[in-house]
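Undergrad: predicted structure and sequence below. I'll ask about it afterward.
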Amino acid sequence: MSSLEEPLCLDKLPSMSTVDVQRFSSSACRPRADDMGWGTCWIEGRSCSTSNSCGEDNGDYAGDPIIWKRQATEMSRTDSFGRKNFGMGKYGRMYVNGYDSRYFSDQQGMSQSHDNYNGVKRCKFLSGIPKFVKVVEVGPRDGLQNEKGIVPTSIKVELIRRLVSAGLSVVEATSFVSPKRVPQLSDAKDVMEAVQSVQGARLPVLTPNMKGFEAAIAAGAKEVAVFASASESFSRSNINCSIEESLTRYRAVALAAKKLSVPVRGYVSCVVGCPEEGSIHPSKVAYVAKELFDMGCFEISLGDTIGVGTPGTVIPMLEAVMEVVPVDKLAVHFHDTYGQSLPNILVSLQMGISVVDSSVGGLGGCPYAKGASGNVATEDVVYMLNGLGVKTDVDLTKLLSAGEFICNHLGRPSRSKTAVALG
């Protein structure tokens, strides 16, 4: 990996002594509409399109300290190349290259706008980001398992259908766990029977043991997932067994699945922090991830179960895991308790991760992790990836509709900032 492809680590961040920040009021720093993720940003006279492309390749910037200045109130509709830019129309409607976003039926307008900057080099800090990211939707399972009330089977099935219609190629449908432990998913068999006709997506289910695996296969599941913890305490409180005992269970599941040619995905929980043990050493995460990979899991999802991770803790964890598991076999799964999910996803992408778990509307949490809020919202992940010029094959308009559907049923607003902004 060249220096231009290395993730932006903590030692690269400027100290406050080198950044001259002018005094400003709250109104002075409010971004213009065409600066909010899609317009042109200006830093001390240099323009840099937020398509992550720079008009000039100057290497490391060695000019004067960065000074943030108040923007003029007039909103330009063109960028430094004379092209039409993104802007906000009346009622907050988004415009892409001068066209109302409602008329982009495939919702690829945002990604296409980045591709239009032909001949312009990508910003060096983003050069290593994958061109395509697979988004794994976990809302119907991980999202709804933490609800206080029981969501009707028909609503779950309709949500799955809408998510698949939005272009999500993997939608985790449900979990075959004890109904006494997770009553919200006690209708797993009915859900699986109802989605057998759904085409165009994989619908994996969670199976904690052989009993769950056998029930899932009998209900028509064609892909399963197992989950182990990097925290001994959390493993005992969550699945009533030690880490080693859980791995023994999963080896049996993996072997049975292999005989039936059923793919198995592995989850590792508490990869940076545990509600009982506190911080988790990266070596513990690497050990569990390698065990899951060695037993035959085709993909290992690394989960920050309580959402305490920051780029400063995620990077060393990923480095440790990538020493023992190929990066193309890894995924990340962040909860947004402290609002760190998107920064964590960004550094993960910089390190070569190309699979991201998320939950529509930011649904979810963990029944056994006090204080853990929902997963990162799928809408926010897709919006950010669109802004980076990364393809996902997800229709943002349909995704927003799916999020609105389930949030209306639950009787609460979406936790997705993108859904709130564009609603």
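TA: Thanks, I have the structure now.
Undergrad: now the nearest residue to Asn375 once chain neighbours are set aside: how far from Leu260?
TA: Nearest non-adjacent residue to Asn375, counting by CB to CB, 6 or more residues apart in numbering: Ser359, 3.6 Å away. Backbone N, C-alpha and C define where each C-beta goes, glycine included. Shown here: Ser359 relative to Leu260, a distance of 29 Å by CB to CB, to the nearest Å.
Undergrad: quick one: which of those two has more around it?
TA: Ser359 (32 against 10; other CB atoms under 10 Å).
Undergrad: beta partners for the more buried one?
TA: Ser359 has these beta-bridge partners by DSSP bridges: Ala377.
Undergrad: pretty sure it sits against Val136.
TA: No. With contacts counted by CB atoms under 8 Å, Ser359 stays clear of Val136, the gap being 9.8 Å.
Undergrad: might you list the low-confidence residue ranges for the chain?
TA: The model of the chain has pLDDT under 70 over residues 1-122, 366-372.
Undergrad: try it again at 80.
TA: 1-125, 365-373 (pLDDT under 80).
Undergrad: would you map the helices across it?
TA: Secondary structure of the chain by DSSP state H: the helices cover 109-115, 153-165, 188-194, 210-218, 232-239, 243-259, 282-294, 311-322, 341-350, 378-387, 396-410, 417-422.
Undergrad: out of those, which is the most enclosed?
TA: helix 378-387 (a mean of 25; mean count of other CB atoms under 10 Å).
Undergrad: relative to helix 341-350, how tilted is that one?
TA: With axes from the mean of the first three to the mean of the last three CA atoms, to 10 degrees applied, the angle from helix 378-387 to helix 341-350 works out at 50 degrees.
Undergrad: next, the angle from helix 378-387 to helix 153-165.
TA: Using the same axes, to 10 degrees: helix 378-387 against helix 153-165 is 0 degrees.
Undergrad: and the angle from helix 378-387 to helix 396-410?
TA: Orientation check (the same axes, to 10 degrees): helix 378-387 against helix 396-410 gives 170 degrees.
Undergrad: show me what helix 378-387 is packed against.
TA: On a contact count with 3 or more CB pairs under 8 Å, 6 or more residues apart in numbering; DSSP states H and E, helix 378-387 meets helix 109-115, strand 134-137, helix 341-350, strand 355-358, helix 396-410, helix 417-422.
Undergrad: output those as JSON lines; include the columns distance to His335.
TA: Shown next, in JSON lines, are the helices and strands packed on helix 378-387 (distance: least, CB to CB, whole Å):
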{"stretch": "helix 109-115", "distance to His335": "26"}
{"stretch": "strand 134-137", "distance to His335": "14"}
{"stretch": "helix 341-350", "distance to His335": "7"}
{"stretch": "strand 355-358", "distance to His335": "10"}
{"stretch": "helix 396-410", "distance to His335": "17"}
{"stretch": "helix 417-422", "distance to His335": "15"}
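Undergrad: so for Ile150, which of those sits nearest?
TA: helix 396-410 (11.6 Å; CB to CB).
Undergrad: surely Thr418 is in contact with Glu379?
TA: Yes. The criterion here is CB under 8 Å, and Thr418 meets it with Glu379 at 4.3 Å.
Undergrad: need the overlap of contacts for those two.
TA: Listed as contacting both Thr418 and Glu379 by CB atoms under 8 Å, 6 or more residues apart in numbering are Leu396, Leu400.
Undergrad: tell me who's in contact with the residue nearest to Asn375.
TA: Counting by CB under 8 Å, 6+ apart, Ser359 has contacts Glu137, Val138, Gly139, Asp142, Gly143, Gly374, Asn375, Val376, Ala377, Thr378.
Undergrad: how far away is Ser154 from Ala194?
TA: Here the criterion is CB to CB. By it, Ser154 lies 8 Å from Ala194.
Undergrad: tell me the contacts of the residue lying closest to Val376 once chain neighbours are set aside?
TA: Spatial nearest neighbour of Val376, chain neighbours left out: Ser341 (3.5 Å); criterion: CB to CB, 6+ apart. By CB under 8 Å, 6+ apart, the residues touching Ser341 are Gly307, Phe334, His335, Asn375, Val376, Asp380.
Undergrad: could I get the contacting residues of Pro179?
TA: Here Pro179 is in contact with Leu185, Ser186 (CB under 8 Å, 6+ apart).
Undergrad: about what we covered before: and the residue nearest to Val376, how far from Ser416?
TA: From Ser341 to Ser416 the distance is 11 Å (CB to CB).
Undergrad: find residues that contact each of these two.
TA: Both Ser341 and Ser416 are in contact with Asp380, where contact means CB under 8 Å, 6+ apart.
Undergrad: in the stretch 51-200 of the chain, which spans are strands?
TA: For the stretch 51-200 of the chain, applying DSSP state E, counting those that start in this stretch gives strands covering 53-54, 87-88, 94-96, 99-100, 121-122, 134-137, 170-171, 174-175.
Undergrad: neighbours of the residue nearest to Leu203 when sequence neighbours are not counted, how many?
TA: Sequence neighbours aside, Ala173 is the residue nearest to Leu203 in space, at 4.3 Å (criterion: CB to CB, 6+ apart). Number of residues near Ala173 (other CB under 10 Å) recorded here: 30.
Undergrad: phi, psi for Ala173 please.
TA: Per-residue torsions, Ala173: phi -80, psi -40 (degrees, to the nearest 10).
Undergrad: what sits against it?
TA: Per CB under 8 Å, 6+ apart, neighbours of Ala173: Pro140, Arg141, Ile160, Val191, Met192, Val195, Leu203, Pro204, Val205.
Undergrad: OK, contacts around the fifth one?
TA: Contact analysis of Met192 by CB under 8 Å, 6+ apart lists Ala173, Thr174, Leu203, Val205, Ala216, Ala219, Gly220, Ala221.
Undergrad: mind doing that once more with 7 Å?
TA: Residues in contact with Met192 (CB atoms under 7 Å, 6 or more residues apart in numbering) are Ala173, Thr174, Val205, Ala219, Gly220, Ala221.
Undergrad: likewise the first one?
TA: The neighbours of Pro140, taking CB under 7 Å, 6+ apart as the test, are Lys156, Leu159, Ile160, Val171, Glu172, Ala173, Thr174.
Undergrad: one more pass at 8 Å, please.
TA: Shown in contact with Pro140 (CB under 8 Å, 6+ apart): Lys156, Leu159, Ile160, Leu163, Val171, Glu172, Ala173, Thr174, Val191.
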